[in-house]
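Show me the folded form of this:
(one chain, ligands or ions: 1)
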Amino acid sequence: MYYSIISKCNRYPWILNKYVTRGLSYVERVRFLQRLKEEDRTCLSYVPSGKFLAYCRSKPLIRVDEANTDKAIVWLAYSEIKNYAPDILQTSVLLDVADDGTPRYSVQLGELRDPVKDKLEDETSGVFTDLRAALFMVTWREAHILSRANCVLMWNRNTAFCGKCGSKTERNAAGYSRKCTGCGMTHYPSSNPVGIVLITDKEHENAILVRQPRHPRGMYSCIAGFSDIGESLEETVRREVAEEVGLEATDVRYIASQHWPFPGSLMTGCFAVCEKEELSIDPNELQDAKWFSRQEIAEALERIKHNPFLRLRGNPSEELFVPPPGAIAYHLIKHWYLRTPAQEIYHHIY
Ligand SMILES: [Zn+2]
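Numbers count the residues shown, from 1 in each chain. Coordinates of the predicted model:
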């Protein structure tokens, strides 16, 4: 039925306006998005009425809020962005369909001269912000939009040639597939699965947190690693725990997931259990790993809650803290500490 409504909307645009005004259900939005991804003419026809997330030199445009309490993506209208992106019909990528039914796209503006970039920032009260920082400034839902936009834009740039025969590829209107001009193979963007796990003892009184060399001073997080070809998620988690801290994990339980743009990972968050034995740390992967008590973890959670930018602004005292709420690791650690029933954690995050 929905397809027939959209078909009518294409022929009679005033119907769409009426339809959009009342908003779309979740299923209607998903099916509309599916159609935009598959039908080039339909996708292009909605670009002028879409909203746009702008990236400049891989930095998304984020609304600045002096009080630092309400940062969010700047969504630009076609009329506001087209002068900055003259080839927008060929370069924008589809992101999603907003609650009110508006298709949303992203566009990479590339090397804007500083006066031009400053003008756009002034006009929109936005700032082109480092993506790693921006992911922790916006809501969980908007962080996924930033992540998707960055990955699809990068994927189109990096898939200009076919991986099978080396010929040029051509994108579809949505930017969600590229067809090879030589062998005809169609390429699609994909995510890399990563297992991320909070290991606890059987009594749930202690948990293992680890430090990688790149972590800021004082920050410890969960054990994580990419899935090998042919592994299940449970096998990935058990292998990573064995490799990194030398223990055998059991009772692997999936909790919730998060997309992360570095480098296009699907972070699948889990709990698992180990005997509380001494750790044997892999020095090639980790700088440190320890069992921490519930009390120590409570204090670490409190520190990052009161100072969410501890990660970015330094931590001279080197006190223990954990990743901030924009990271799946934070939610695994927090909800283990709160003893939230596993089946309810997803609802607290989303
Ligand atoms: Zn090919």
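
in the longest strand along the chain, what counts as buried?
Using DSSP state E, we find that the single longest strand of the chain is strand 250-260. Of the residues in strand 250-260, those with enough neighbours to count as buried (16 or more other CB atoms under 10 Å) are 252, 254-260. From N, CA and C alone the C-beta is placed, and that goes for glycine too.

Considering those residues, which is situated nearest to the ion?
Nearest to the ion out of those is His259 (CB to the ion; 27.8 Å).

Roughly how far does the closest residue to the closest one other than its chain neighbours sit from the ion?
In this structure, His259 finds its nearest non-sequential neighbour in Ser147, 4.8 Å apart by CB to CB, 6 or more residues apart in numbering. Taking CB to the ion, to the nearest Å as the measure, Ser147 falls 28 Å from the ion.

Point to the helix or strand of this structure where mean pLDDT is at its lowest.
helix 2-11 (a mean of 46; mean pLDDT, DSSP states H and E).

follow-up on the earlier one: output the contacting helices and strands for the longest strand of the chain.
Contact partners of strand 250-260 among helices and strands, from 3 or more CB pairs under 8 Å, 6 or more residues apart in numbering; DSSP states H and E: helix 140-158, helix 233-245, strand 265-273, helix 328-337, helix 342-349.

Near the residue in the stretch 201-350 of the chain that the ion sits nearest to, how many other residues are there?
Proximity to the ion, evaluated over the stretch 201-350 of the chain using CB to the ion, is greatest for Gly264 at 21.7 Å. The tally of other residues near Gly264 (other CB atoms under 10 Å) stands at 18.

ok now do it, which residues does it touch?
151, 154-155, 189-192 (CB atoms under 8 Å, 6 or more residues apart in numbering).

make it 10 Å
Under the criterion of CB atoms under 10 Å, 6 or more residues apart in numbering, the neighbours of Gly264 are 147-148, 150-152, 154-155, 189-192.

Sort out which of those residues are buried, if you could.
Members of the contacts of Gly264 classed as buried by 16+ other CB under 10 Å are 147-148, 150-152, 154-155, 189, 191.

Stretch 44-59: end-to-end distance?
End-to-end distance for stretch 44-59: 25 Å, by CA to CA, to the nearest Å.

hey, what's the nearest residue to Leu76 once chain neighbours are set aside bridged with?
Leaving out its chain neighbours, the residue that sits closest to Leu76 by CB to CB, 6+ apart is Phe52, at 4.6 Å. When bridges are called by DSSP bridges, Phe52 pairs up with Leu76, Tyr105.

And Phe52, how far from Ala149?
10 Å (CB to CB, to the nearest Å).

swap in His331?
Distance from His331 to Ala149, by CB to CB: 23 Å.

got a list of what the residue of the stretch 1-150 of the chain with the smallest separation from the ion touches?
Closest to the ion within the stretch 1-150 of the chain is Asp40: 20.0 Å, counting by CB to the ion. Contact partners of Asp40, counting by CB under 10 Å, 6+ apart, are 171-174.

next one: Asp99
23-26, 29.

Chain neighbours aside, what residue packs nearest to Glu299?
The shortest distance from Glu299 to any non-neighbouring residue, by CB to CB, 6+ apart, is to Leu320 (7.0 Å).
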